[in-house]
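Asker: Turn this into a structure:
(2 chains)
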Amino acid sequence: MKRISLLWYSIVQGLKNFNRNRMFSWASIGTITACLFLFGIFYFVISNLQYMIKNAETSVGVTVFFDEGISQEAIDEIGNQIKAREEVKEVNFISAEQAWENYKETVFEGQEELLDTFNEDNPLKESASYEVFLKNIEKQDQFVKYVEGLAGVRQVNNSELTVRGLISFNSLVAYISAAIIIILVAVAVFLIHTSVTMGISTRKDEIKIMRLVGASDFLVKAPFIVEGLIVGLIGAVIPLLILFAVYEKIISYIAQKSGDLGSFLTFLPVKEVFASLTPVSMAIGVGIGFIGSYITVRRHLKV
Amino acid sequence: MTIYDEDELPIIALENVSKSYASETKALQDVSLRILKGEFVFIVGSSGSGKSTLIKLMLKEVEPTIGKVYVNGKELTRLRRGQVPAFRRTLGIVFQDFRLLKDRTVFENVAFAQQVIGAGKHEILKKVPDILATVGLIEKAEAYPKELSGGEQQRVALARALVNRPSILLADEPTGNLDPKNSWEIMSLLEEINRNGTTVVIVTHNREIVDRMKKRVVTMKKGIVVSDEKKGGYSYEKN
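Answerer: Numbers count the residues shown, from 1 in each chain, chains lettered A, B, ... in the order given. The predicted structure is shown next:
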């Protein structure tokens, strides 16, 4: 009963503090909102890029071609060596015949009469290959180097440029977002600090009386912490609502504008993004509120 | 100097207490004092005599430089930070400037002392009107401090100090801002509270009150207890 009364008292006083310092409270909320809005945008970009890279990992493979006149045993041996690699997820052997069939299907579709000129010859008779899919596309470089060093391997084709571009763009976005977010978090913490400091100075008498009538340390400090938590919570909810409202519009706009790239650009569904963004944003918002107010009460409310 | 039997257990005791502040001024020098349960004591002296420091030591607002302070059976220098709030709940404190919360009504000001120690709504609704009736302010429960006279404000402060039923009431110049009529009203209340068993310690400048009430008077001068009389008066020669 006592604890509930004290907790209730702290919450009510925290709300009153919030209201008394509303100008600073809303300035702090505004900063946290801006911070978490940007965080959300970067989160969209990063999580979707990662999603695309993941997709690329399953669809983009490495193709291994062999020296001319190589024996089937040697090809099998290369296959075994590739399969033994830890980073390899799947290896498919494409025989020269199958390669020619695939080629015919994609290139000469609807123009089968042109194929007559080839008679029964297979122009791709030296194009037997292994199609290799990796568990983690970042290991591709290392894998390609290894395969190129194997005896009997003539050529290794890979989608290195696309993948590397995606990965480095992803890192760039992550660094920029981290930098911006750190600055905004610092500004938000500073604003909460100012707001709570003002609250403490306007309530100096009340705090003094509280101490004299035997209020615990917790009770003196709790209303200010509650104030910080409210600011952090509102500052987290507002950007989440905005982002939720605009996410689908943004991805459909990008998909529309991206033209040929559209097939490559696959986006995470809104539910999946918010399932992780919501708790992370709430934790950051409430965390900023808590840290900002905690630092302040520790500094200004020493017993 | 001690005017009571050494075997009686004091509710407040100072043993060879000295207090120096950073400016090296000695606020108290080797002060020993015993106050028994149920006593009514005036502490008098001019400004800078050390009487306010004495109250601060009893509240554990300041620590003695040398010596020991016992209040309610606790040696205050040994009290840990976390134990101070519980200790202070056994005391009631009244100041010259009332220290009321201006944005709260009389009822809320008194209830505040109960809220901060976690009293429930039911308890607050029972105790606050009771104590307001004791100090004669039940009619003004919904008034704000600025609507009250100085005497009434001090009675609110008194109600707040008493609502948690402290065993000791410490008052620092409680009539300092009041006219003689209101001063006497407050003193009568304090006397009544004392009759009900609360130990009352009052720091004051008010000669008339001290002289007429014939209570125990501890006189301070330059940080030293210069006299301690059982039914004393405000000594003109010593101040």
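
Asker: Show the contacting residues for residue B:143.
Answerer: B:105-106 (CB atoms under 8 Å, 6 or more residues apart in numbering or on different chains). Where you see a C-beta, it was placed from the backbone N, CA and C, and this is true even at glycine.

Asker: Now the phi/psi pair for it, please.
Answerer: phi -80, psi 160 (degrees, to the nearest 10).

Asker: One more: residue A:203?
Answerer: The phi and psi values for residue A:203, taken as degrees, to the nearest 10, are phi -110, psi 20.

Asker: pLDDT weak spots in the stretch 201-303 of chain A?
Answerer: For the stretch 201-303 of chain A, residues meeting the criterion pLDDT under 70 lie at A:259-264, A:302-303.

Asker: just the helices in it please.
Answerer: Using DSSP state H, counting those that start in this stretch, the helices found in the stretch 201-303 of chain A span residues A:204-212, A:217-257, A:270-300.

Asker: list the helices and strands the last one packs on?
Answerer: The one in question is helix A:270-300. helix A:22-59, helix A:160-202, helix A:217-257 (3 or more CB pairs under 8 Å, 6 or more residues apart in numbering or on different chains; DSSP states H and E).

Asker: Also the second one?
Answerer: If contacts are counted by 3+ CB pairs under 8 Å, 6+ apart, helix A:217-257 sits against helix A:2-20, helix A:22-59, helix A:160-202, helix A:204-212, helix A:270-300.

Asker: Could you export these as CSV, including distance to residue B:215 and mean neighbour count?
Answerer: Below are the helices and strands packed on helix A:217-257 laid out as CSV (distance: least, CB to CB, whole Å; neighbours: other CB atoms under 10 Å in any protein chain shown):
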stretch, distance to residue B:215, mean neighbour count
helix A:2-20, 37, 17
helix A:22-59, 51, 19
helix A:160-202, 40, 17
helix A:204-212, 24, 18
helix A:270-300, 41, 18
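
Asker: Ok, which of the ones you listed comes nearest residue A:225?
Answerer: helix A:270-300 (4.9 Å; CB to CB).

Asker: What separation do you get for the residue minimising distance to the centre of chain A and residue A:275?
Answerer: Centroid-nearest residue in chain A: residue A:47, 3.1 Å away (criterion: CA atoms, centre = their mean). Per CB to CB, to the nearest Å, residue A:47 is found 11 Å from residue A:275.

Asker: Could I get the contacting residues of residue B:164?
Answerer: A:213-214, B:89, B:92, B:113-114, B:117.

Asker: which of the residues you listed lies closest to residue A:267?
Answerer: Closest to residue A:267, out of all of these and judged by CB to CB, is residue B:117, at 56.3 Å.

Asker: helix or strand for that closest one, which one?
Answerer: Under the criterion DSSP states H and E, no helix or strand holds residue B:117.

Asker: Please give me every residue in contact with it.
Answerer: Here residue B:117 is in contact with A:213-215, B:89, B:164 (CB under 8 Å, 6+ apart).

Asker: How about the secondary structure of the residue nearest the centre of chain B?
Answerer: Among the residues of chain B, the one closest to the centroid is residue B:170, at 1.1 Å (CA atoms, centre = their mean). The assignment at residue B:170 comes out as strand when based on DSSP: H, G, I helix; E, B strand; the rest coil.

Asker: OK, contacts around the closest residue to residue A:37 other than its chain neighbours?
Answerer: Of all residues not flanking residue A:37 in the chain, residue A:239 sits nearest, at 3.9 Å (CB to CB, 6 or more residues apart in numbering or on different chains). Residues near residue A:239 by CB under 8 Å, 6+ apart: A:33-34, A:36-37, A:39-40, A:281.

Asker: picking that back up, can you pull the contacts of the residue nearest to the centre of chain B?
Answerer: B:55, B:58-59, B:91-94, B:201.

Asker: For those residues, which two are the farthest from each other?
Answerer: B:58 and B:94 (13.2 Å).

Asker: before we move on, back to that, could you give the bridge partners of the residue nearest to the centre of chain B?
Answerer: residue B:93, residue B:201 (DSSP bridges).

Asker: Compute the distance between it and residue B:60, please.
Answerer: 11 Å.

Asker: and what of residue A:32?
Answerer: As judged by CB to CB, residue A:32 and residue B:60 stand 40 Å apart.

Asker: Show me which of the contacts of residue B:164 is closest to residue A:103.
Answerer: Nearest to residue A:103 among the contacts of residue B:164, with distances taken as CB to CB, is residue B:117, at 86.0 Å.

Asker: separation between the closest one and residue A:10?
Answerer: Residue B:117 is 13 Å from residue A:10, by CB to CB.

Asker: next one: residue A:78
Answerer: From residue A:78 to residue A:10 the distance is 70 Å (CB to CB).

Asker: Please apply the same query to residue A:151.
Answerer: Taking CB to CB, one finds residue A:151 at 75 Å from residue A:10.
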